[in-house]
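# based on what follows, work out the 3D shape:
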Amino acid sequence: MLIKYPEEQLDSLEEVAKKSAYYVREIIKGDFFLDDSGIFINELKGFPGVYSSYVNKTIGNPGILKLMENARDRSAQFSTCIAYYDGTVNLFVGKTSGTISTTERGRNGFGFDPIFIPDGYEETYAEMPLEKKNSLSHRFKAANLFLEFLKKKKI
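Residues are numbered from 1 along each chain as shown. Here you go, the predicted structure:
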């Protein structure tokens, strides 16, 4: 079910996901989950971070690469926070570290995938076969934590 709700731009993905869950609980009666994701670039002091969606829509990868032209530190981290509401908000965070490439590369994926190279690899997410990318991704890591929680809860 797709529900539109205001997404406040707070200091962390965890805060955004938690606040969003409290908003959505007024609409959905029962358990649900939602997620928020972002890319955090060290040279840019964590930017775009919680503003990743807006930055992607406005300046996109070319804008990020322009901001990174003279960067010494190209390290970055993709993060996802899943918020599961079952009467309380439970948070599950997945992170993948890597670097920002100097050019857009690859045709697979979306968003910042063409400029993110996960640690230990030479390819961007967008150059990887989907199965390989998904096995490394921040969303996959967060989803696994969420699934483990559900197994323990026996849902």
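
# wait, a helix at L34?
No: per DSSP: H, G, I helix; E, B strand; the rest coil, L34 lies outside any helix segment and is strand.

# that one and A21 touch, don't they?
Yes: using C-beta atoms under 8 Å, L34 is in contact with A21, at 6.3 Å. Where you see a C-beta, it was placed from the backbone N, CA and C, and this is true even at glycine.

# out of the two, which sits in the busier spot?
Legend: neighbour count by other C-beta atoms under 10 Å for L34 and A21, higher for A21 (23 against 19).

# and the more buried one, what pLDDT?
Confidence at A21, expressed as pLDDT, is 94.

# skipping its backbone neighbours, what lies nearest it in space?
Spatial nearest neighbour of A21, excluding adjacent residues (C-beta to C-beta, 6 or more residues apart in numbering): A83 at 4.2 Å.

# on the three-state scheme, the one you found is what?
Local secondary structure at A83 is given as strand here, using three-state DSSP.

# ok so, going back, shared neighbours of L34 and A21, anything?
A83 (C-beta atoms under 8 Å, 6 or more residues apart in numbering).

# contact partners of stretch 38-53?
So stretch 38-53 is contacted by 7, 9-13, 16, 36-37, 54-56, 64, 67-68, 71-79, 100, 111-112, 116 (C-beta under 8 Å, 6+ apart).

# low pLDDT regions in this structure?
In the predicted model, the chain carries pLDDT under 70 at residues 1-2, 5-6, 155.

# partner residues bridging the residue nearest to the spatial centre of it?
Nearest to the mean C-alpha position of the chain, by C-alpha atoms, centre = their mean, lies S37 at 2.4 Å. Going by DSSP bridges, S37 is paired in beta bridges with T80.
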